[in-house]
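>>> no sequence on this one, just coordinates:
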């Protein structure tokens, strides 16, 4: 349940990652300590930073840099991968085209998803079938993003193993024959800067950050590079979640709140870009396809 937290906890998940493929990982003292911290953070704030995640910092910087280069291209070039129903709702959205609660969002973005082969989900999945649309420029955009997404998927799977243990289940609660194959969503977002007192929009010295688990309804887990984020505690106070070098910031999505019988909190948050610098955000959402079939898990909370 949410509390009046005043800051976002930082968790070193190195011990969890080192044992994440060990069938007996739950009995390891280092893993147990990380699991306890995950459990507390998910209950009290629904948000936490992770360090020791193993994703190379040079890759993080490259991803942020190449995303910025795309958004600075002319609109005519960006619209070559415009999002359409025929493209499986993948591709580029112009500034203001994405709508949240009836209000246009002040950002532009590229949406991409796990590529779905025709017939995989029958007629229900047809609107989302097809390959992702990647820009031709900058060069190597597709290869770099796919490498990054692959690492995000593996990191998310391992953190969810810790959350499975925290919920009193096995490490494999959210995967395998019982849970289904994971599904990912990535949204690469550009936020225009706010003009300074001289009317200038500066675009240098971007300091993005990454964010794991999901703010979007029915997502469970997101990874994001973002400008600044505000997280609302139980009293309605907005708590700052500033960028911390070398970390990912994670938040619980609505579906994980449901699966935990409401014990874990899907905390309301918002992205704020209040300075003149153009910012980028690479949001990675982690899903488990068949989990609505699972029973609610939290039965033996410590």
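Alright, I've got the coordinates. The model shown is predicted, which means the values in this text are computed figures rather than measured ones.

>>> so where's the stretch 201-302 of the chain shaky on pLDDT?
By pLDDT under 70, the weakly predicted segments of the stretch 201-302 of the chain are 201-228, 272-275, 289-302.

>>> One more: the stretch 1-150 of the chain?
1.

>>> so where do the strands sit in it?
10-12, 47-51, 91-93, 99-100, 103-104, 108-113 (DSSP state E, counting those that start in this stretch).

>>> Of these, flag the one that's most buried.
Mean neighbours per residue, mean count of other CB atoms under 10 Å, is largest over those for strand 47-51, with a mean of 24. Placement of C-beta: from N, CA and C, glycine included.

>>> Can you tell me what sits against it?
8-14, 37-38, 41-42, 159, 212, 231, 241, 244, 246-252, 267, 269 (CB atoms under 8 Å, 6 or more residues apart in numbering).

>>> helices or strands next to the helix or strand harbouring residue 157 in the packing?
Per DSSP states H and E, residue 157 falls inside helix 141-166. Applying 3 or more CB pairs under 8 Å, 6 or more residues apart in numbering; DSSP states H and E, one finds that helix 141-166 contacts helix 14-18, helix 29-44, helix 57-71, strand 182-191, strand 210-213, strand 221-223, strand 279-288.

>>> Let me have those in a markdown table, adding distance to residue 166 and mean neighbour count as columns.
Formatted as a markdown table, those follow (distance: least, CB to CB, whole Å; neighbours: other CB atoms under 10 Å):
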| stretch | distance to residue 166 | mean neighbour count |
| --- | --- | --- |
| helix 14-18 | 10 | 20 |
| helix 29-44 | 4 | 19 |
| helix 57-71 | 26 | 17 |
| strand 182-191 | 18 | 21 |
| strand 210-213 | 13 | 28 |
| strand 221-223 | 13 | 29 |
| strand 279-288 | 16 | 25 |
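
>>> which of the residues in the helix holding residue 157 are buried?
Within helix 141-166, the residues that qualify as buried by neighbour count (16 or more other CB atoms under 10 Å) are 141, 144-145, 148-149, 151-153, 155-166.

>>> Check stretch 240-251 too.
For stretch 240-251, by 16+ other CB under 10 Å, it's 241, 243, 247, 248, 249, 250, 251.

>>> and the angle for the helix holding residue 157 with strand 279-288?
With axes from the mean of the first three to the mean of the last three CA atoms, to 10 degrees defining the directions, helix 141-166 sits at 50 degrees from strand 279-288.

>>> Pretty sure residue 158 sits against residue 17.
Yes: with contact defined as CB atoms under 8 Å, residue 158 counts as touching residue 17 (5.4 Å).

>>> tell me, what's touching these two both at once?
Counting by CB under 8 Å, 6+ apart, no residue touches both residue 158 and residue 17.

>>> Please name whichever of the helices and strands packed on helix 141-166 is nearest to residue 236.
helix 29-44 (16.0 Å; CB to CB).

>>> re earlier: give me the distance from the helix holding residue 157 to the chain's centre.
Computed by CA atoms, centre = their mean, to the nearest Å, the chain-centroid distance of helix 141-166 equals 10 Å.

>>> Residue 233 against residue 7, yeah?
No: taking contacts as CB under 8 Å, residue 233 lies outside contact range of residue 7: 10.0 Å.

>>> sorry, back to before: closest one to residue 256 among the strands of the stretch 1-150 of the chain?
Closest among these, using CB to CB: strand 47-51, at 12.5 Å.

>>> Adjacent strands (with direction) for that closest one?
strand 10-12 (parallel), strand 248-251 (antiparallel) (DSSP bridges).

>>> Now render the ones you listed as CSV, adding distance to residue 51.
Below are the strands paired with strand 47-51 laid out as CSV (distance: least, CB to CB, whole Å):
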stretch, distance to residue 51
strand 10-12, 5
strand 248-251, 8
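
>>> These: which one's closest to residue 61?
Among these, the nearest to residue 61 by CB to CB is strand 248-251 (14.2 Å).

>>> I'd like the next helix or strand past the closest one.
Downstream of strand 248-251 (by DSSP H and E), the next one is helix 254-259.

>>> Could you point out the helix or strand that follows that next one?
Following helix 254-259 in sequence, per DSSP H and E, is strand 269-272.

>>> rewinding a little: looking at residue 233 and residue 7, which has the bigger crowd around it?
residue 233 (20 against 12; other CB atoms under 10 Å).

>>> Much appreciated, bye for now.
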